[in-house]
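*Asks:* Generate coordinates for the sequence data below:
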Amino acid sequence: MAIFNALTRLLVILVLWLMLPILVENVVYRHINNGLLEKKQKFIQHLDRNEIDDFIENEDDSTETYSQFSTLHSEFLVLSKSSVKKANQKKAVFTNEYRIIEGEENEYRILQYHFTYDNQGYQLEIGSSLGEVKDLTFIIRFFIIIVFVVILLITFLADTFYIEYLLKPFYKIIDTKIRRVNEPEAFDHTPIKARSRDFRELDFVLNQMMDRIAELFKKEKQFISNVSHELLTPIALLKNKFENLLQNDSLDDNAFDKIAGSLRTLDMLKKIINNLLLISRIENNQYEANEEVNFHEIVTDLQEDLQDRIDDREIQFLNKMEHDFSFTGNKTLIHILIYNLVTNAIKYNKPNGSIIVTDGFVEERYFISIADSGIGMNASQIEKIFSRFARISSDQEGQGLGLAIADSIASFHHIEIKVSSAPDEGTTFVLLFPEIIKHN
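*Replies:* All right, here's what the predicted structure looks like:
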């Protein structure tokens, strides 16, 4: 709005600036014309034969004229004989003409007046220099443009501050309400103080909308909880029945393999449900984040827990963490986050490969880097790795939920995950933490 108002004023200023010479000339010409008429009137009123004889000594020569001009050539007066026919017109005519006086050419505003005296026609010309008018017009235009520019800047700043003042309730609505759409339970229903009825109405509608969203979130949590319970219960019953069937000695090898495969499928289904339930609980903020988490301790424990899998793949695990850094969050979720990244590095690594865990500070922000020498990914694969049920390769085991869970946990703790990878060169995951809480 401020820019639009400024552009509108600028357009008006340009129009006025272009019209200014015409306006100035009209005013100045009117003033000069009135001055010339006054001088003509005084000259005619005091005119007598003696003066005419003094002006024009030889009456037989109709071409002889009398001229009088000021020292600076700003004004001149010319009296010359003319025909009686022209003198009978008795009409003052104004023109702009260039005249040469004493070798100097200037532009003048000239009054031409014909009159008769003792049956003799005369032409009177009174001129006033326009040089000063041109200078005056330039000075006025220069002064006006400066004034207009100053006015434009002042009004633009005034509009900007005034609009900021008017929109302050709007910005407050954005900061305190719209940005909390993903956190309906923490939504602030306090009415915004605003003089504008429009902003009060907007605030009221947002409160109503967030009430509906909060209700939907509540129903979604209840639905997920109910579905999880209802699904896990029959899975547990089926698993018990299949396990009991496996105790039957009458089963042949074919039936035994089928039942064992069904048990594996049930275990996978149970794991998927638990993972989806974990993601839902994280995204619905159902976990507390008030525990002190030591990352060096977590990585050390993970190395011990996963040592068998690391040895089976003949992978070299190097823990090069140098900082004893602590972070306030949910210890269990942070453990799952790093666990999923490390197991992902093991799963997609090459035989006799390596996993290197390092840490440090970038612009006073703590980071943990988990780099592997695995199969790597291309750009299109990197874009999809945090999607649910996404897999890098179709021949790999798993449900494709590990990195989706890691991404949800990172978002819950306001941790930024950066990924860099290249095919056959390995992948590096970097956890960049929001701020330093404690640094030992």
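
*Asks:* Break the protein down into its domains, please.
*Replies:* If you go by automatic domain parsing, the domain ranges for the chain are 2-138, 197-283, 291-439.

*Asks:* Run through the stretch 1-150 of the chain and note the low-pLDDT ranges.
*Replies:* 21, 24, 51, 53-73, 84-90, 102, 132, 136 (pLDDT under 70).

*Asks:* Which residues lie in contact with the spatially closest residue to N344 that is not a sequence neighbour in this structure?
*Replies:* Spatial nearest neighbour of N344, excluding adjacent residues (CB to CB, 6 or more residues apart in numbering): G402 at 5.7 Å. Where you see a C-beta, it was placed from the backbone N, CA and C, and this is true even at glycine. Neighbouring residues of G402 by CB atoms under 8 Å, 6 or more residues apart in numbering: N340, T343, N344.

*Asks:* So the first one versus I370, what's the distance?
*Replies:* The reference is to N340. N340 sits 10 Å away from I370, going by CB to CB, to the nearest Å.

*Asks:* most tightly surrounded among the domains of the chain?
*Replies:* domain 291-439 (a mean of 17; mean count of other CB atoms under 10 Å).

*Asks:* Next, report how far that one is displaced from the centre of its chain.
*Replies:* 35 Å (CA atoms, centre = their mean, to the nearest Å).

*Asks:* Then stretch 5-22?
*Replies:* Distance, stretch centre to chain centre, for stretch 5-22: 29 Å (CA atoms, centre = their mean).

*Asks:* Quick check: which helices or strands does the one helix or strand L266 maps to pack against?
*Replies:* Assigned by DSSP states H and E, L266 falls within helix 253-283. Helix 253-283 sits against helix 197-246, helix 402-412, with contacts defined as 3 or more CB pairs under 8 Å, 6 or more residues apart in numbering; DSSP states H and E.

*Asks:* In contact with R281, which residues?
*Replies:* Contacts of R281 by CB under 8 Å, 6+ apart are Y287.

*Asks:* now Y122
*Replies:* Counting by CB under 8 Å, 6+ apart, the residues that Y122 touches are I52, L79, S80, K81, S82, A87, H114, F115, T116.

*Asks:* Quick one: the helices in the protein, in order.
*Replies:* For the chain, the helices defined by DSSP state H cover 2-45, 49-55, 84-87, 131-166, 168-176, 197-246, 253-283, 295-305, 307-312, 331-347, 379-384, 402-412.

*Asks:* Just the C-alpha atoms of the fifth one, please, in PDB.
*Replies:* Think helix 168-176. The C-alpha coordinates for helix 168-176 follow below in PDB (Å, rounded to 0.1, in the frame of the first residue of the first chain):
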ATOM      1  CA  LYS A 168       0.100  -4.800  13.900                       C
ATOM      2  CA  PRO A 169      -2.900  -6.900  15.000                       C
ATOM      3  CA  PHE A 170      -2.600  -8.800  11.800                       C
ATOM      4  CA  TYR A 171       1.100  -9.600  12.400                       C
ATOM      5  CA  LYS A 172       0.200 -10.600  16.000                       C
ATOM      6  CA  ILE A 173      -2.400 -13.000  14.700                       C
ATOM      7  CA  ILE A 174       0.200 -14.500  12.400                       C
ATOM      8  CA  ASP A 175       2.800 -14.800  15.100                       C
ATOM      9  CA  THR A 176       0.600 -16.100  17.900                       C
END
